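Asker: Just need the structure, nothing else, for what follows:
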Amino acid sequence: SMLASGTPEGPRTVPIALLGFGNVGQAFARLLLEKSSLISERYGLLIAVVGIATASHGIVSCNSPVGLDLEACLAAVKSEGAWTLEQVGADCKHFPSAEALLKHLAGR
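Answerer: Residues are numbered from 1 along each chain as shown. As a prediction, the model looks like this:
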């Protein structure tokens, strides 16, 4: 079966990073927000966006088990310049490159 099983404690977390947050990345984030309950109930999964790398807003990652606040990221992407940690979350940090972000995430 293609269905993934969560644990008795709840859904299994699947951490992902987005490389780019343009039209496609933003649409994907909105879809995750809209469908998160369905994904959890039907497939036993919690998709956690734990990092986003952008050319114009910088590169951020979040240590929270539920990932970045996607609603905050969607609001912050409308602003000019690099995202501030106040915009995307206090438990987040900036990275100098997408490669540094991926190395950090691989070590989680």
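Asker: Taking the centroid of this structure, which residue is nearest it?
Answerer: Nearest residue to the geometric centre of the chain (C-alpha atoms, centre = their mean): Val49, 1.8 Å.
Asker: so where is this protein shaky, pLDDT-wise?
Answerer: The model of the chain has pLDDT under 70 over residues 1-9.
Asker: Confirm that Ala29 lies within a helix, as I assumed.
Answerer: Yes - counting by DSSP: H, G, I helix; E, B strand; the rest coil, Ala29 is part of a helix.
Asker: quick one, what contacts the residue lying closest to Ala29 once chain neighbours are set aside?
Answerer: Distances taken as C-beta to C-beta, 6 or more residues apart in numbering place Leu70 nearest to Ala29, at 4.6 Å, with adjacent residues excluded. Glycine gets a C-beta too; all of them are placed from N, C-alpha and C. Going by C-beta atoms under 8 Å, 6 or more residues apart in numbering, Leu70 touches Ala29, Arg30, Leu32, Leu33, Val49.
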